Each structure stands twice: as C-alpha cells, then as structure tokens.
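**Q** Structural data only, the sequence is not supplied:
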C-alpha cells in the first residue's frame, strides 16, 4: 500500500471543529480511499467583529494500484 498526503484548510464562522469538518467533508467529496486526517494548525482571521476559524489539516488517502501519481 502507498499513501499520499495533501494539505487542506477548512473554514467556519462557528468554531475550529466546524472548520475541520469543512475540510473533511470536502475531502470525502473529492477523494477516494480516504484513510486519516491530522490537524496541523489552527488560526482565526479577524475582520472587524467577524471571525473566521481556519483549520489546516493533512489528509491521507491510499493510491490505487497502477495509477500514476
């Protein structure tokens, strides 16, 4: 088995947890063989009274046999 990791940044106006879920939901929509997610970093973007929670995650998925990377 060979795995590939990519970095995604999820965003939410509610919380870091929702930002992580945003990234996971997107990964599940576009990637096959998703295996694990690790939170790498979290930050809050401030725009006046508005806050945007951002969670940077590494997503790992198994590469299919015989498919070029």
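**A** Good, I have the coordinates. A quick note: this is a predicted structure, and the numbers were derived from the prediction, not measured. Numbers count the residues shown, from 1 in each chain.

**Q** Then residue 41 would be within a strand, right?
**A** Yes. Inclusion of residue 41 in a strand is indicated when DSSP: H, G, I helix; E, B strand; the rest coil is applied.

**Q** what residues are up against it?
**A** Residue 41 is in contact with 55-56, counting by C-beta atoms under 8 Å, 6 or more residues apart in numbering. Yep, even glycine has a C-beta here, placed from its N, CA and C like the rest.

**Q** Where does pLDDT dip in this protein?
**A** In the prediction, the chain carries residues with pLDDT under 70 at positions 67-69.

**Q** Which stretches in it count as helices?
**A** In the chain, the segments counted as helices under DSSP state H are 16-30.

**Q** in the sheet, who's paired with the nearest residue to residue 1 once chain neighbours are set aside?
**A** By the measure of C-beta to C-beta, 6 or more residues apart in numbering, the closest residue to residue 1 outside its immediate chain neighbours is residue 62, 5.7 Å from it. For residue 62, the beta-bridge partners are residue 3 (DSSP bridges).

**Q** What of residue 10?
**A** Beta-bridge pairing for residue 10 (DSSP bridges): residue 55.

**Q** Quick check: the gap between it and residue 43.
**A** 11 Å (C-beta to C-beta, to the nearest Å).

**Q** Mind listing the shared neighbours of the two?
**A** Joint contacts of residue 10 and residue 43 (C-beta under 8 Å, 6+ apart) are residue 54.

**Q** Looking at these two, which has the bigger crowd around it?
**A** residue 10 (24 against 13; other C-beta atoms under 10 Å).

**Q** Show the contacting residues for the more buried one.
**A** For residue 10, the contacting residues are 18-24, 26, 54-55, 57, taking C-beta under 8 Å, 6+ apart as the criterion.

**Q** Closest one to residue 3 out of these, please.
**A** residue 57 (14.9 Å; C-beta to C-beta).

**Q** Report the contact partners of that closest one.
**A** If you count contacts by C-beta under 8 Å, 6+ apart, residue 57 has them with 7-10, 20, 23-24, 37-40.

**Q** Residue 63 now?
**A** Taking C-beta under 8 Å, 6+ apart as the test, what residue 63 contacts is 2-4, 33, 69.
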